[in-house]
Each structure stands twice: as C-alpha cells, then as structure tokens.
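Colleague: heads up, no residue letters with this:
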Ligand SMILES: [Zn+2]
C-alpha cells in the first residue's frame, strides 16, 4: 500500500492501522478521494480544449452512461383503446332490445370478435411487459436491478373492457 498523499510505501513492521498511512497519518480512503477530485475538475475544465486527456474523458463518459443506464425508464403505451368504438357499442347495446333476432346474433358475433381482440391485446401486453422486465438488467455500480417503471400500463384498461364485453355478451345471449 502506497500513500497517495506523501508517497510512503507501507512496510509490514508499521504499527499504524491498516487504513492509515504510518508516515503522515492520512486516511488512505480520504487521500484517494482528494487525489481523484482535482483530476475530475481539471478534466471537465479542459473539456474540449485539450486533446491530451482523452483517456480520462473516455472514462468519464462511461461513468455518465452507466449512471444514466441505472435510471432506465420504460415508457409503455400499448392499447389505449378506441373511444369511438366504445361509445358505439354502448349505443348498440342500448338499442339491442329493439333489434331482430338476426341483428342480435350479429351483435353477439361482433362483440365476441371485439372481445377476442382485447384478449389478444392483453396477452400481447403481458408478454411484452414480461420481456421488458427480463431484459431490464442490473446496475453495474450498485449491483441492484434497474428500476422498471411502466408508463400507461394497458392491462387494467384491457381487463375492464374485457369484463364489460363479457357482461354485454351474456346479456345479449339471454334474450330469446
Ligand atoms: Zn502518507
């Protein structure tokens, strides 16, 4: 162990604690911090002006990229739903009692097709989310898993639509 402050190389017979320099009593960890900081300031000050410190600039970029990487944010906007189709099905189900048997069957078929679309979308969303969670990785600095933030989770909305459609289909199928 060599002291970063005074350059003294520690000998096995030195009695000072392992974390302290026997010559100048500096705490090694503290000395290394003091050495690193001025370098960082110097590097950022000469950023762009000097071509000589490319190595240091490169490592700074890596640190920056890694820190950004740890705060990964996953935007996920999937099936926002078709509002006009939604209100259309409300209107058609209100008018269902006035319809003929044939129209009623058509309506059921349409609703079942719509239900299938939502169920497929939900399945796809589940698969996509699972895949994103699996690929999220860990932060190389903290060793903790990267944070997985889901924006606009489509699943509750899809569940709601599916339940509503199932109820509507049950209602329609009850009619003679
Ligand atoms: Zn020292």
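Modeller: Sure thing, it's come through. These figures come from a predicted structure and were not determined experimentally.
Colleague: what helix or strand is residue 161 on?
Modeller: Using DSSP states H and E, residue 161 sits within helix 155-174.
Colleague: and the next element down the chain from the worst-scoring helix or strand of the chain on mean pLDDT?
Modeller: Lowest by mean pLDDT, DSSP states H and E among the helices and strands of the chain is helix 83-94, with a mean of 47. Next helix or strand after helix 83-94 toward the C-terminus (DSSP H and E): helix 101-134.
Colleague: buried residues in that next one?
Modeller: Neighbour-count burial for helix 101-134 flags 104, 107-108, 111, 114-115, 117-118, 121-122, 125, 129 (criterion: 16 or more other C-beta atoms under 10 Å). Where C-beta positions appear, they are placed from N, C-alpha and C, glycine not excepted.
Colleague: pLDDT and distance to residue 162 for those - can I get that in TSV?
Modeller: Shown next, in TSV, are the buried residues of helix 101-134 (pLDDT from 0 to 100; distance: C-beta to C-beta, whole Å):
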residue	pLDDT	distance to residue 162
104	84	21
107	89	17
108	91	16
111	94	11
114	93	10
115	94	6
117	92	10
118	93	5
121	92	9
122	91	7
125	87	12
129	82	17
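Colleague: from those, which is closest to the ion?
Modeller: residue 129 (54.3 Å; C-beta to the ion).
Colleague: report the inter-axis angle for the helix holding residue 161 versus helix 101-134.
Modeller: 160 degrees (axes from the mean of the first three to the mean of the last three C-alpha atoms, to 10 degrees).
Colleague: and the buried residues of helix 101-134, which two are the farthest apart?
Modeller: Pairwise distances across the buried residues of helix 101-134 (C-beta to C-beta) peak at 37.0 Å, for the pair 104 and 129.
Colleague: residue 31 versus residue 25, what's the distance?
Modeller: Plainly put, residue 25 is 10 Å away from residue 31 if you go by C-beta to C-beta, to the nearest Å.
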